[in-house]
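>>> The following comprises the amino acid sequence and a computationally predicted model.
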Amino acid sequence: MSGNPDSGVDSRPACSYLHFTRTGSTTGRRILLTRLRTRLGRTARRERRTGSSKEFSVNIGEIARRAGVSRSTVSYALSGKRPVSDDTRRKIQQVIDELGYRPNASARALANGRTSTIGLVFPPAGNHYTGMQLDFIGSVVEAAAAYDYDVLLSPSGVDSDRSFQRLLGERRVDGAILMEIRLADDRVDHLAELDFPSVAIGRTARPEGSWWVGLDHTALAEACVHHLADLGHRRVAFVNRPEQLLRAGYESAHRGLDGFTKAAAERGLTVRSYTCGDDAASGQACLERILHDDPATTGLVTLNEAALGGLYRGLAQAGRHVPRDFSVTGIVAGRWAETVTPQLTAADVPAAEMGRLAVDLLVERLDSPGAPARHHLLVPPISLRASTGPALGAS
């Protein structure tokens, strides 16, 4: 996962969000993307509240009439805010079943004080989002839909963007999922201070007592190094994320580098590490630097899937054939590992599973206030494809 730590804050007073909902179609459900700004958003929200309240009232009234009870009794039966006798509840449920009534998200919000919306929060990406970021966003939206939640995407942070504070202060969401976690992350600390339900995709330097889903970048980078060392590679490079992300303390960049350095020392390898921009041109330039600094380098480990195509192109232009002359491995999303030729041997990032687990934990936290913190640390195996082979001259 990646993101630009620069704030990218809009200087206008408008507050920017991306709102994801799920709808049905003949080709399956699709994600609708709507950019909401304050002026238009106020009108839209007012219209939604008015329309939803009317629909809720009509439906509640019909149920109440058929069940022979008051509207408030139906509302209490739906929300659970006040006790309703078993006989009355059964009568109401029977009418609901007959009518096929299903309260929409706005109606449920009126009944139980929830918005049925999850916030997905991370720093702005600058010019683009990487494929892995989009995979995580899509996985959260898909998993949230299974619980009938919408997703509000807020590219912001505590100190850099008012939208994060507004997201919390106006209770636009029931809970939040945080992406692009830093070792010292003010967003995680702020939400903990507020006791606001949240789950992080990633973990801080001190994750005790928090809810999170993480990837063990340290162990995975170590596994990649050991794989190359087992193939006889003695001079290996590490291609990390951009320099600004490393400086900002992004946990994946730091933990990946730690794992690479530790395993290389254990195997007695000669290594160099590089930061690299999130694009193919930067990848090609990085590969040129690697071969310039040490032409005897025969392998590399990368966390930077966005630069992968450029790394391959740089090797081709240098006359290095993969994997005969040079081996490449790393930690990337599986579908991106399969877009290059030859396909990348890699620890595949299980974005769909991580997004689903994050949503599962958040819903659990919403439904069970006061439950002890839980987490998942994933260590997927390396998928052997076609980009690694024995080092030239290795016995």
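That came through, no problem. Numbering: from 1, shown residues only.
>>> pLDDT weak spots in the stretch 1-150 of the chain?
Across the stretch 1-150 of the chain, the ranges flagged by pLDDT under 70 are 1-59, 79-81, 102-113, 123-128.
>>> element containing Asp348, please.
Using DSSP states H and E, Asp348 sits within strand 345-349.
>>> just checking, Ser70 touches Ile63?
No - Ser70 sits out of contact with Ile63 when judged by CB atoms under 8 Å, with a separation of 10.7 Å. Where C-beta positions appear, they are placed from N, C-alpha and C, glycine not excepted.
>>> show me the contacts for the most centrally placed residue in the chain.
In the chain, the C-alpha closest to the average C-alpha coordinate belongs to Phe136, at a distance of 3.8 Å (CA atoms, centre = their mean). With contacts defined as CB atoms under 8 Å, 6 or more residues apart in numbering, Phe136 is in contact with 1, 179, 201, 351, 354-355.
>>> before we move on, what about Pro381?
Residues counted as contacts of Pro381 (CB under 8 Å, 6+ apart) are Ala347.
>>> any idea how far Gly334 is from it?
With distances defined as CB to CB, to the nearest Å, the gap from Pro381 to Gly334 amounts to 11 Å.
>>> do the same with Leu384
Counting by CB to CB, the gap from Leu384 to Gly334 is 12 Å.
>>> Ignoring the adjacent residues along the chain, who's closest to the residue nearest to the centre of the chain?
By the measure of CB to CB, 6 or more residues apart in numbering, the closest residue to Phe136 outside its immediate chain neighbours is Ala351, 5.1 Å from it.
>>> count of residues packed around the one you found?
Neighbour count for Ala351, taken as other CB atoms under 10 Å: 24.
>>> Identify each buried residue in stretch 239-251, please.
Along stretch 239-251, the positions that meet the burial threshold by neighbour count (16 or more other CB atoms under 10 Å) are 239-242, 245-246, 248-251.
>>> can you tell me which residues contact the closest residue to Val239 other than its chain neighbours?
When the adjacent residues along the chain are set aside, Val239 lies closest to Thr302, with 3.9 Å between them (CB to CB, 6+ apart). Going by CB under 8 Å, 6+ apart, Thr302 touches 238-240, 276, 308, 311, 328-332.
>>> ditto for Tyr274
Contacts were defined as CB under 8 Å, 6+ apart; by that measure Tyr274 touches 237-240, 286, 289-290.
>>> one more time with 6 Å, if that's ok
Under the criterion of CB atoms under 6 Å, 6 or more residues apart in numbering, the neighbours of Tyr274 are 239, 286.
>>> quick one, strands of the chain?
Along the chain, the segments classed as strands by DSSP state E run 17-23, 30-36, 117-122, 150-155, 175-178, 198-201, 212-215, 235-239, 270-274, 299-302, 327-333, 345-349, 375-378, 382-383.
>>> So what are the sheet partners of the shortest one and their directions?
Partners of strand 382-383 in the sheet, by DSSP bridges, are strand 345-349 (antiparallel).
>>> when you compare where the partner strand runs with where strand 327-333 runs, what's the angle?
10 degrees (axes from the mean of the first three to the mean of the last three CA atoms, to 10 degrees).
>>> List the buried residues in strand 345-349.
When neighbours are counted by 16+ other CB under 10 Å, the buried residues of strand 345-349 are found to be 345-349.
>>> what do you get for stretch 201-220?
Within stretch 201-220, judged by 16+ other CB under 10 Å, the buried ones are 201-204, 207, 210-220.
>>> And for stretch 283-296?
By neighbour count with 16+ other CB under 10 Å, stretch 283-296 contains the buried residues 283-287, 290-291.
>>> Check the gap between Phe122 and Ser163 for me.
Applying CB to CB, the value for Phe122 to Ser163 is 12 Å.
>>> same question, Leu178
14 Å.
>>> Over to Gln94?
45 Å.
>>> For Leu315, report the pLDDT, please.
Leu315 is assigned a pLDDT of 99 by the prediction.
>>> residue contacts, it?
With contacts defined as CB under 6 Å, 6+ apart, the neighbours of Leu315 are 322, 326.
>>> and the chain, what are its domains?
Here the chain is described, according to automatic domain parsing, as comprising the domains 17-31+115-215+354-378, 39-112, 217-349.
>>> Need the winner for burial among the ones you listed.
When neighbours are counted by mean count of other CB atoms under 10 Å, the highest per-stretch mean among the domains of the chain falls to domain 217-349, a mean of 20.
>>> What is the end-to-end distance of that domain?
Distance between the two ends of domain 217-349: 10 Å, counting by CA to CA, to the nearest Å.
>>> How about stretch 114-133?
Counting by CA to CA: the opening and closing residues of stretch 114-133 are 27 Å apart.
>>> coming back round to it: quick check: the gap between the residue nearest to the centre of the chain and Thr297.
Note on Phe136: its distance to Thr297, by CB to CB, is 31 Å.
>>> For the protein, list the residue farthest from the centre, please.
When each C-alpha in the chain is compared with the mean C-alpha position (CA atoms, centre = their mean), Gly68 comes out farthest, at 47.4 Å.
>>> ok, for that one, nearest residue in space, not its chain neighbours?
Of all residues apart from its sequence neighbours, Lys91 sits closest to Gly68 (CB to CB, 6+ apart), at 7.3 Å.
>>> now the one you found: how far from Val69?
Lys91 sits 7 Å away from Val69, taking CB to CB as the criterion.
>>> can you check Tyr312 too?
For Tyr312, the distance to Val69 (CB to CB) stands at 68 Å.
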